[in-house]
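[1] I would like the atomic coordinates for the input below:
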Amino acid sequence: MDAPYDTLIIGAGLSGLAAGVRLAYYDQRVCILERHTTIGGLNSFYRLEGRNYDVGLHAVTNYSPKGAKKGPLAKILRQLRIGWDEWSLAPQVGSRIAFPDVTLDFNNDFDFFRSEIHRQFPDQKDNFERLVGQIADYDNLDFTHADRSAREVVSATISDPLLVEMLFCPLMFYGSAREGDMDFAQFSVMFRSIFIEGLGRPAAGVRLILKTLVRKFKELGGELRLRAGVSRLEVSDGAVSRVVLDDGSTLTARNVLSSAGWRETMRLCDDGAQHAGQSGQLSFVESISVLDCQPRRLGYDQTAVFFNDSPTFHWQKPDELVDARSGVICSPNNFVYEGPPEEGMMRVTMLANFDRWQALDEREYRLAKLHWYDRMVASAARFVPDFRSRVVATDLFTPLTIRRFTGHENGAVYGAPRKRYDGTTHLKNLFVCGTDQGFVGIIGATISGISIANRHLLTPTA
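    Numbering: from 1, shown residues only. Now for the predicted structure:
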């Protein structure tokens, strides 16, 4: 095909930007198309009343210190030719899983977490080590049995139901698109990401990561077009022949890479093929509270607290607007920064019901945000020092916010339950990356873009 671009990328989120940088290093003519006026998708940033806010980023998983040669973060920096200091991740102070009467603390030293398991669940010591062995032996690139139930695998190894629930709580909040369960592949990835490698964060937040990728992409000659949404993919002879934008203009390329989501990408194809699959149902609401002091002054010295108020952890679309029984409390202040920390902030994230939020009229929506901010913070205050008297500014985003900036049906943060690990579609020159390819989170999305670019778009047949 005689086309002005080698690759057109739909979406300027982390996976799309990473793929663009990787391809541009090999002199490909690449254009990234973004419907919105800013980059990042869910993992983005904004200013409100003079303050900077992150959206989506609690922490970067898979932390590794400067100079590390192994691990996903080292691979990303090497593949994108980014110096460690360009992101300069600060390690977490330490986090906690909090259930009634039992807590498990963890940091970036896996032996510490191992000792916590042994202390709180001494009869599960050998079982836990067997589970760790299974995870260590699991090949992240072998997707033959990737969709088998993680609950079945873990429950067959860990005999204490409470420990099973406590292990799943943070892993599901940070990476499960399946109600009540996870793929064992995803469980293994997230276990390594959070418990074995740990959490970090750039002092400037996600904006530093995104802006670094955009700068690299443009320096290499890549083209980034904002306000350039894709309305349709014209299909001819088993391939995308033209990309039609919202304004009616058209573009052509040898290959198209979409980070819009599997169902969303399939709907763009005008060949009428039925390749949609089940849509995701799991969405979030998140409150952001700005404080007049550092959280540690109030006694909150964890980076994140994953809490659940009963021995059983429920991971499903709630009946109410929000499920306040469990959630994640995170402070971007509680990382080991070199300089002074930014303004005090606490974030509380919980499962939410997209359909119920969507059914509200404008007045009901505003009132619901006020009501649920209060209920979310009150629920969180059962597990951390009560910070409500020190709040000076607030914001809250809902599943409708997520759908607006990601395009995902139902505001599904982690996309569809079934993942497309090889990134291929029914069209020979259309590929997918990002959440629905199978890797989630900051590091996962970035790796997804790189891996699909390497596998399909940098090969002689691409």
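[2] C-alpha from now on. contacts and neighbour counts both.
    Noted.
[3] And the pLDDT for the nearest residue to residue 17 once chain neighbours are set aside?
    Leaving aside its chain neighbours, residue 17 sits nearest to residue 213 (6.2 Å; criterion: C-alpha to C-alpha, 6 or more residues apart in numbering). The model reports residue 213 with a pLDDT of 96.
[4] got it, and residue 438?
    85.
[5] picking that back up, next, give phi and psi for the residue nearest to residue 17.
    phi -60, psi -40 (degrees, to the nearest 10).
[6] Would you check that residue 77 makes contact with residue 83?
    Yes. Counting by C-alpha atoms under 8 Å, residue 83 is a contact partner of residue 77 at 6.4 Å.
[7] The stretch 201-350 of the chain: helices as residue ranges?
    Secondary structure of the stretch 201-350 of the chain (DSSP state H, counting those that start in this stretch): helices located at 206-219, 262-268.
[8] In terms of secondary structure, what does the last one contact?
    For helix 262-268, the helices and strands in contact under the criterion 3 or more C-alpha pairs under 8 Å, 6 or more residues apart in numbering; DSSP states H and E are strand 230-236.
[9] what do you get for the first one?
    Helix 206-219 sits against helix 14-24, strand 44-48, helix 84-87, with contacts defined as 3+ C-alpha pairs under 8 Å, 6+ apart.
[10] weakest of those in terms of mean pLDDT?
    When those are ranked by mean pLDDT, strand 44-48 comes last with a mean of 74.
[11] what distance separates it from the centre of its chain?
    In terms of C-alpha atoms, centre = their mean, to the nearest Å, the centre of strand 44-48 is found 17 Å from the chain centre.
[12] With just CA atoms, put stretch 299-307 into CSV.
    Only the C-alpha atoms of stretch 299-307 are listed here, as CSV (Å, rounded to 0.1, in the frame of the first residue of the first chain):
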residue,chain,number,x,y,z
GLY,A,299,-0.3,10.0,61.7
TYR,A,300,-0.9,8.6,58.2
ASP,A,301,2.5,7.2,57.2
GLN,A,302,1.6,4.7,54.5
THR,A,303,1.7,5.2,50.8
ALA,A,304,-1.4,3.2,50.1
VAL,A,305,-3.9,1.3,52.2
PHE,A,306,-6.1,-1.3,50.5
PHE,A,307,-9.0,-1.8,52.9
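[13] Counting neighbours, which bits of it end up buried?
    Neighbour counts over stretch 299-307 (16 or more other C-alpha atoms under 10 Å) mark 300-307 as buried.
[14] okay, the helices and strands packed on helix 206-219, which one's buried deepest?
    helix 14-24 (a mean of 29; mean count of other C-alpha atoms under 10 Å).
[15] Now do the very next helix or strand once past that helix, average pLDDT.
    Using DSSP states H and E, the helix or strand that directly follows helix 14-24 along the chain is strand 30-33. Mean pLDDT, computed over strand 30-33, is 98.
[16] just to revisit the earlier point, between the helices and strands packed on helix 206-219, which one is closest to residue 175.
    helix 14-24 (15.5 Å; C-alpha to C-alpha).
[17] Need the CA coordinates for the top helix by length along the chain. CSV is fine.
    Once the chain is assigned using DSSP state H, the helix that runs over the most residues is helix 362-380. Extracted in CSV, the C-alpha atoms of helix 362-380 (Å, rounded to 0.1, in the frame of the first residue of the first chain):
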residue,chain,number,x,y,z
GLU,A,362,-27.3,17.2,35.9
ARG,A,363,-28.6,18.3,39.3
GLU,A,364,-28.7,14.8,40.7
TYR,A,365,-25.2,14.2,39.5
ARG,A,366,-23.8,17.2,41.3
LEU,A,367,-25.6,16.2,44.5
ALA,A,368,-24.4,12.6,44.2
LYS,A,369,-20.8,13.7,43.9
LEU,A,370,-21.1,15.8,47.1
HIS,A,371,-22.9,13.0,49.0
TRP,A,372,-20.5,10.2,47.9
TYR,A,373,-17.5,12.3,48.7
ASP,A,374,-18.6,12.5,52.3
ARG,A,375,-19.4,8.8,52.4
MET,A,376,-16.2,7.7,50.8
VAL,A,377,-14.0,9.8,53.1
ALA,A,378,-16.0,8.6,56.2
SER,A,379,-15.5,5.0,55.1
ALA,A,380,-11.8,5.6,54.6
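[18] Tell me the helices and strands packed up against that helix.
    Applying 3+ C-alpha pairs under 8 Å, 6+ apart, we find helix 362-380 packed against strand 283-291, strand 345-352.
[19] now those as JSON lines including mean neighbour count?
    Below are the helices and strands packed on helix 362-380 laid out as JSON lines (neighbours: other C-alpha atoms under 10 Å):
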{"stretch": "strand 283-291", "mean neighbour count": "24"}
{"stretch": "strand 345-352", "mean neighbour count": "24"}
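[20] Turn the helices of the stretch 201-350 of the chain into JSON lines, including mean neighbour count.
    Converted to JSON lines, these look like this (neighbours: other C-alpha under 10 Å):
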{"stretch": "helix 206-219", "mean neighbour count": "19"}
{"stretch": "helix 262-268", "mean neighbour count": "21"}
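[21] now those as TSV including distance to residue 349?
    Putting those into TSV (distance: least, C-alpha to C-alpha, whole Å) gives the following:
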stretch	distance to residue 349
helix 206-219	17
helix 262-268	25
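[22] Residue 278: which of those is closest?
    Closest approach to residue 278 among those (C-alpha to C-alpha): helix 262-268, 8.2 Å.
[23] residues making contact with that closest one?
    230-233, 258, 273-277, 279, 407-409, 416, 432, 436-437 (C-alpha atoms under 8 Å, 6 or more residues apart in numbering).
[24] and the lowest-mean-pLDDT helix or strand in the chain, which strands flank it?
    Least confident helix or strand, the chain: strand 44-48 with a mean of 74, by mean pLDDT, DSSP states H and E. Its sheet considered, strand 44-48 pairs with strand 51-55 (antiparallel) by DSSP bridges.
[25] which parts of the partner strand are buried?
    53-55.
[26] and this structure, what are its domains?
    Domain ranges of the chain: 5-87+204-278+418-457, 111-196, 281-413, per automatic domain parsing.
[27] For residue 104, which of those is the nearest?
    Comparing these against residue 104 with C-alpha to C-alpha, the closest turns out to be domain 111-196 (6.0 Å).
[28] Excluding residues flanking it in the chain, which one is nearest residue 254?
    residue 6 (5.1 Å).
[29] From the contact counts, what lies against the one helix or strand the one you found maps to?
    According to DSSP H and E, residue 6 maps onto strand 5-10. Contacts defined by 3+ C-alpha pairs under 8 Å, 6+ apart place strand 5-10 against helix 14-24, strand 30-33, strand 253-258.
[30] between it and strand 230-236, how many degrees?
    130 degrees (axes from the mean of the first three to the mean of the last three C-alpha atoms, to 10 degrees).
[31] What segments of the stretch 101-250 of the chain are strands?
    Under the criterion DSSP state E, counting those that start in this stretch, the stretch 101-250 of the chain contains strands at 102-106, 200-202, 223-225, 230-236, 239-245, 250-251.
[32] Restricting the selection to alpha carbons, write the fourth one to PDB.
    Listed next in PDB are the C-alpha coordinates belonging to strand 230-236 (Å, rounded to 0.1, in the frame of the first residue of the first chain):
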ATOM      1  CA  VAL A 230     -11.300   8.500  14.600                       C
ATOM      2  CA  SER A 231     -14.900   8.000  13.500                       C
ATOM      3  CA  ARG A 232     -14.400   5.000  11.200                       C
ATOM      4  CA  LEU A 233     -12.000   2.500   9.800                       C
ATOM      5  CA  GLU A 234     -12.700   1.700   6.200                       C
ATOM      6  CA  VAL A 235     -12.000  -2.000   5.500                       C
ATOM      7  CA  SER A 236     -11.100  -3.500   2.100                       C
END
